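Trainee: Sharing a model that was predicted from the sequence below.
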Amino acid sequence: MAGTKLGRVVQFEQGLRWRVVFPDSEHLAASGFLRDVAASDCSVATLRSYAYDLLRWFRFLHGRWTAWERAERTDVRELVEQLRETPVPQRLNRRPDGPPPGSVNPVTGKAVLGTKYAARTINHQLSVLFGFYEWACAADLGPLMNPVPAQRTRSAGRLNAHHNPMDNFVVHRRATYRQKVPRPAWRAIPDDAADALFSVLRSHRDRALVSFWLSSGARATELLGLCLDTDLDAGANTITVVSKGSRLRETIPASVDSFVWLALYLREECPPVSPGGPLWWTRQGTPRPLTYHAARAVLHRANAALGTNWTLHDLRHTAAARLLADPAFTLFDVQTILRHASVSTTQIYAQPRLEDLVAKVLEHYARPRATEPSIEPVYDSAAVRELLGLPA
């Protein structure tokens, strides 16, 4: 895209945590919108993603010599067209000897990420821009119009807000420029593949992390945010995490093996932990708290050794699949452990995996055909048929 190096998103320690600098000073309209978002109790990660979406929009308009106040619907359309065709800059730096984008990993059966922007990314961009211009119009920043088509009419409100349960749901048409989003899919790691992954880990820290992810179903960032003493209860086999959505401290169970690996990590690797301080630390160079990107690098090394492409979130999928496979757990039990806001999200993990369906189909066709019931020769066939009302 034109002007991809112009402007930046800057993090601040006080006040508004994430701000857009464009072209070389703080963008006041963007900061005003982001302040409203922050006041609505959105997370810092949400602010960051909104800021980068706004920066992408400002760069796009700068390449077209158009001020953001004068943007039109055709500008939005051309942005969508460009996002559909332009490669993601971060994915252009892949190793040349790696798998081609969009190919399927022969071991895991998972597709390699493509180079283009995903449909969800484009829809998120449109939602942010729609909210930004709605805020600008309400703030009376000038003679403005919202160039982004609304998701639905103002009078419609929330879809199915007053739905009659006796009636069928109506399929609503996607708003203009919104992309088709594929059905949510999940892929758990089979038990033998999980054992192979565990065997190539290099340290007790990594083994403890993977064991906690597989047994508790915690999200990657939730587990990495654990603190010593305050978030661990080895006697009750529970950990306390800050949930991603609600940002509440919630207690979830974990396996005994996870605490055993944790004890080995604390005793043999001796990280510089202190009461109330971060639990996970780097092992190379000057010790630093372990970040998400560093934890993902651990999994990348294991994937390179195994020829796989598992992700950290696959570990959460695996924990959900193992719990749902146990008849002792109900769907609502798993929803509580995973801390899903809706049980419909948990139901995604109840979908059968392709490998399980293949095994069942092969078993079905290998099973001998059942023979039809027949009348024993010691009985008079005609009399039995007459007694049972069967045709002669």
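Mentor: Yep, that arrived. Bear in mind that the values here come from a model prediction, so they are computed numbers and not experimental data. Residues are numbered from 1 along each chain as shown.
Trainee: Return the helix or strand in this structure with minimum mean pLDDT.
Mentor: The helix or strand of the chain with the poorest confidence is helix 381-388; it has a mean of 84 (mean pLDDT, DSSP states H and E).
Trainee: any residues touching it, and which ones?
Mentor: Ile375, Leu390, Pro391, Ala392 (Cβ atoms under 8 Å, 6 or more residues apart in numbering). Every C-beta, even on glycine, is put in place using the N, C-alpha and C of the backbone.
Trainee: SS state for the third one?
Mentor: It stands for Pro391. Secondary structure, DSSP: H, G, I helix; E, B strand; the rest coil: Pro391 is coil.
Trainee: Once you drop chain neighbours, what's closest to it?
Mentor: Spatial nearest neighbour of Pro391, chain neighbours left out: Arg385 (7.1 Å); criterion: Cβ to Cβ, 6 or more residues apart in numbering.
Trainee: What is the neighbour count of that neighbour?
Mentor: 13 (other Cβ atoms under 10 Å).
Trainee: Quick check: it vs Val378, distance?
Mentor: Arg385 is 15 Å from Val378, where distance means Cβ to Cβ, to the nearest Å.
Trainee: One more: Asp140?
Mentor: Taking Cβ to Cβ, one finds Asp140 at 97 Å from Val378.
Trainee: same thing with Ala359?
Mentor: Ala359 is 42 Å from Val378, by Cβ to Cβ.
Trainee: For the stretch 1-150 of the chain, which segments count as strands?
Mentor: Counting by DSSP state E, counting those that start in this stretch, residue ranges of the strands within the stretch 1-150 of the chain are 8-11, 18-21.
Trainee: so how far is the first one off the chain centroid?
Mentor: By that I understand strand 8-11. Mean C-alpha position of strand 8-11 versus that of the full chain (Cα atoms, centre = their mean, to the nearest Å) differs by 24 Å.
Trainee: Stretch 226-234 now?
Mentor: Using Cα atoms, centre = their mean, the offset of stretch 226-234 from its chain centre is 25 Å.
Trainee: Show me the helices in this protein, by range?
Mentor: 28-39, 44-63, 73-85, 119-138, 191-199, 204-216, 220-224, 256-264, 292-306, 312-325, 331-338, 343-347, 354-366, 381-388 (DSSP state H).
Trainee: Least confident of these, on average?
Mentor: Of all the helices of the chain, mean pLDDT reaches its minimum on helix 381-388 (a mean of 84).
Trainee: could you dump it to CSV, C-alpha only?
Mentor: C-alpha atoms of helix 381-388 as CSV (Å, rounded to 0.1, in the frame of the first residue of the first chain):
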residue,chain,number,x,y,z
SER,A,381,-42.7,-71.9,7.6
ALA,A,382,-46.2,-71.4,6.3
ALA,A,383,-47.8,-71.7,9.8
VAL,A,384,-45.3,-69.2,11.3
ARG,A,385,-45.9,-66.6,8.5
GLU,A,386,-49.7,-67.0,9.0
LEU,A,387,-49.3,-66.6,12.8
LEU,A,388,-47.2,-63.4,12.4
